[in-house]
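Visitor: What follows is a predicted protein model with its sequence.
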Amino acid sequence: MTASFRTLRFLLLIFVIIFLTVGGEARAQEKTWRVIYVEGGPFSNYQQTLAQTARGLQKLGLIDNGQVAVPENTESTTDMWLWLADNARGRIRFLRDGHYSADWDASARQHMKEAIIDRVRNRKDVDMIIAMGTWSGLDMSSEDLGVPVFSMSVTDAVTAGIVKSADDSGKDNVHAQLEPGRFRRQISMFHEIFHFKKLGVPFEDTPEGRNTAAMEEIEKTAAELGIELVLRSAPLDLPDADQAFRNLKQCVEELSKESDAIYLTYTSTPVEKIPELMEPIIEAGLPSFAQAGPQLVEYGVLMSLAQASFADIGQFEAEAIAAVVHGKKPREVNQIFEPELGLAINLKTAMRIGWNPPLDILAAVDEIYQQIPAVR
């Protein structure tokens, strides 16, 4: 064997060793991320956000099937999660026993939080958490669990205390979607159209209720515009959903007698009950605005901002998850979501309150609804 041949053989051996080492490291980095889902309770926005995030993950190649259907006649995400666990394959693995919901029960919420913390810390079979809504965002971000937490579908994650600021979550493992100034834009536009002096606002007057409704931003905007707020507190954090709805309806009935317009803050009320909730407002001939968005307009609220489609929101969330999967810390990923905004109007409600939308308003409308579903 010549010296040159031995040298070549040695170099080849070194190359093989390097190749196997680098290849092994690359394969190690291609780990599967085991994910759980946490929510305070069922809400239609959570369904849409979850569905579109799954589609976004498919587009980015992190799962091979994200085409989960949003179920009808329910706001539950349970079946959606089970479908993803059974059908979505790839680098994201939706754990079949990883769906957690407190069903808007405060005591159940605390037990659920403790169970999840114990699972993450002791069973160590969770690599990522999707925390949907304010309750779960607070509960999952308040503990340094050592796994990425993605806070989704929250009114204002900064005011709620989930993250430090729009630019910095303040926690290496936490990311939240933020849209600064969203509610100021809503109220300013509503006021520009109707020039009301007294704005009725039903909300739950608790620290978390104020955070969910973004009351700090509402109050600041009203002061700047010279609007008098007429506030009524509706206890909603109840295991009895029917009683929670009765509380909210009573608030709305009172506000309809004392206000010039109504701003409906986020509520866990099922959308099929919105037509009943709207009756006293419509009978009083008052304009109404839905903080939560166009879905409530479809069910009888006069208007809302037709914010970004859930497809855009889901893609934003999927890209944030992808950035973490590919090596970034959640804290390093952009949290600011800047959608294009339009207007949604229910023309049936407009007709019933005697408002004929001007042409310049109609020209700015992106979504028009012409009926109100029958009260069930």
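Guide: Perfect, thanks for sending it.

Visitor: Can you pull the poorly scored residue ranges out of the protein?
Guide: Judged by pLDDT under 70, the chain has its weakly predicted residues at 1-29, 236-239, 307-308, 374-376.

Visitor: Where is the longest strand in it?
Guide: When the chain is parsed with DSSP state E, its longest strand is strand 92-101.

Visitor: From the rest of the structure, what touches that strand?
Guide: For strand 92-101, contacts defined as C-beta atoms under 8 Å, 6 or more residues apart in numbering pick out 32-42, 57, 62-63, 76-78, 81-82, 84-86, 88, 112, 115-116, 125-126, 128, 136, 321, 325. (Each C-beta comes from the backbone N, C-alpha and C, glycine too.)

Visitor: Would you mind listing the buried residues in that strand?
Guide: 92-95, 98-101 (16 or more other C-beta atoms under 10 Å).

Visitor: Among those, find me the one that's closest to A51.
Guide: For those, the residue nearest A51 by C-beta to C-beta is F94; the value is 12.6 Å.

Visitor: now the closest one: how far from Y37?
Guide: Distance from F94 to Y37, counting by C-beta to C-beta, to the nearest Å: 8 Å.

Visitor: Also T206?
Guide: In this view, T206 and Y37 are 25 Å apart by C-beta to C-beta.

Visitor: The two - which one has more neighbours?
Guide: Each of T206 and Y37 has its neighbours counted (other C-beta atoms under 10 Å); Y37 has more, 24 against 13.

Visitor: related to what we said a few turns ago, now, the contacts of strand 92-101 that are in helices?
Guide: 57, 78, 81-82, 84-86, 112, 115-116, 136, 321, 325 (DSSP state H).

Visitor: Among those residues, the buried ones, what's the PyMOL command?
Guide: Per 16+ other C-beta under 10 Å, the buried members of these correspond to this PyMOL selection:
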select buried, resi 57+81+84+85+112+116+136+321+325
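
Visitor: so which of the ones in helices among the contacts of strand 92-101 comes closest to V301?
Guide: S136 (25.8 Å).

Visitor: shouldn't the closest one be in contact with I36?
Guide: No: contact criterion C-beta atoms under 8 Å: S136 and I36 do not qualify, at 10.5 Å.

Visitor: my read is I262 is in a helix, agree?
Guide: No: counting by DSSP: H, G, I helix; E, B strand; the rest coil, I262 is not found in a helix; it is strand.

Visitor: now it: how far from R96?
Guide: 43 Å.

Visitor: for I274, same thing?
Guide: Using C-beta to C-beta, we find I274 at a distance of 33 Å from R96.

Visitor: tell me, what's touching F94 and Y37 both at once?
Guide: W81.

Visitor: tell me the SS of E279?
Guide: Put simply, E279 is helix when judged by three-state DSSP.

Visitor: Count the neighbours of it for me.
Guide: Residues contacting E279 under the criterion other C-beta under 10 Å number 17.
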